Each structure stands twice: as structure tokens, then as C-alpha cells.
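In: Kindly generate the corresponding structure for this input.
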Amino acid sequence: DPRNQQQQQQLVTSASAYERRYVSTTASSSSSPCTKSMMCDLLTDDESIKWASTKAVVMELGFDDDEADRVMQKGFGWAKQDYWRNEKVKEIPDMDEIEKRIQFIESLGVARDKIDVIVNKFPEILAMDIDGVMKPAVEHIEKNFFMKRGTTAFAKYVIRVPQALGNTIDCEGTCVGDCNRCWVRV
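Out: Modelled structure (predicted):
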């Protein structure tokens, strides 16, 4: 079909390195950048391209196709809202922003091959604001748990309790009802 060929060529032409890699591996089976994903039915063509490119980054962490969709859906507000509480609702992820978050986690001393453990436990980390949430959380950990970023102890803590990087509240026993973001929980 000429339309499908033109569409594939447009995808490949406008794509980043990750998108090119992903589209080239799926082009033979489908004209859409999404494969096997129900997300394709919910997204526009441009959104599908962004989803697929971001999904390729997530899959490079060690997730398969379905797992990558699952963590992205939870992380960007397409699934359960226990952390986001409608703060993020059906956002389309940005590949460059995901890469920045992965690099930030690596800067804490976490090996890239362990980031999948963090994302699997706390998919919301993929959409977390670095300056507004993650950096203050790291400072809180350093100050209150006496660990320095970049150390083995810090990395092990983040791998064990990744939701700590999303904590923003310390109600210190006087509950404010936002338990999924509270330091008392860890």
C-alpha cells in the first residue's frame, strides 16, 4: 500500500535514533510505530510516534513490549492513580525527559542495569519532576537518613525504596492524607 510506505518513510525520516531503531524493527510487521499495544488505538499518529520512541528507551532498560506499556501507563497516568491522584492524566511521555530522569537516577550511584528494578517498583519515576520532587527528596534522604548520593548505601536504598524519590510530604505523625508521598511511610 503506497500510503503505508509513505507513512513509514515519514516516521523514519522524522525519527530520533531511538525511534529509527524501534520503527525499523517493527516496520515489517505493521505500518504503525506501535505493535501489540492497545495504546495505538487510543493515540493519534503523532502521539503514537512519541509513545513508541519513549517505549524504546524503556525497553532498553530491560522491559519487554507489554511490560514497557504497563510501566509507562502507570507512570504517566493512564492506569491507577494511587500516586498521581489525577495530577497526571493520560500524558504522552517525552523520550528526552525520560532520558534525563534515567541519567539523574544514574547520578545517584544506581547502575543502569538496576534502573529497571526501580521503574518496575515505582513506574511514576518515569514522569517525576527532577527539580521539584526528586532533588528535594535526595536532599531529604541525605539529611535525614545520613546517606550520601553516589555511595553504595544510597544506591541500595533507592533500589529498595524507589518511591522515596517521589516523596514530598513529611507529616511527622499528623496525617494530611497523602500517604503515597509521605516520608513517614518509608
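In: so who does residue 107 touch?
Out: 149-150 (C-beta atoms under 8 Å, 6 or more residues apart in numbering). (Each C-beta comes from the backbone N, C-alpha and C, glycine too.)
In: Give me the pLDDT value at the residue nearest the centre of the chain.
Out: The residue lying closest to the centre of the chain (C-alpha atoms, centre = their mean) is residue 126, at 2.2 Å. Model confidence at residue 126, given as pLDDT, is 95.
In: In this structure it contacts residue 58, no?
Out: Yes. Residue 126 is in contact with residue 58 according to C-beta atoms under 8 Å; the separation is 7.2 Å.
In: Quick check: neighbours shared by the two?
Out: 71-72, 98, 119.
In: what packs against the longest helix along the chain?
Out: The residue-count maximum for a helix in the chain (DSSP state H) belongs to helix 45-60. Here helix 45-60 touches helix 2-14, helix 17-26, helix 39-42, helix 65-75, helix 95-107, going by 3 or more C-beta pairs under 8 Å, 6 or more residues apart in numbering; DSSP states H and E.
In: tell me the angle it makes with helix 95-107.
Out: Put simply, helix 45-60 runs at 20 degrees to helix 95-107, going by axes from the mean of the first three to the mean of the last three C-alpha atoms, to 10 degrees.
In: in stretch 60-80, what's buried?
Out: 60-63, 67-79 (16 or more other C-beta atoms under 10 Å).
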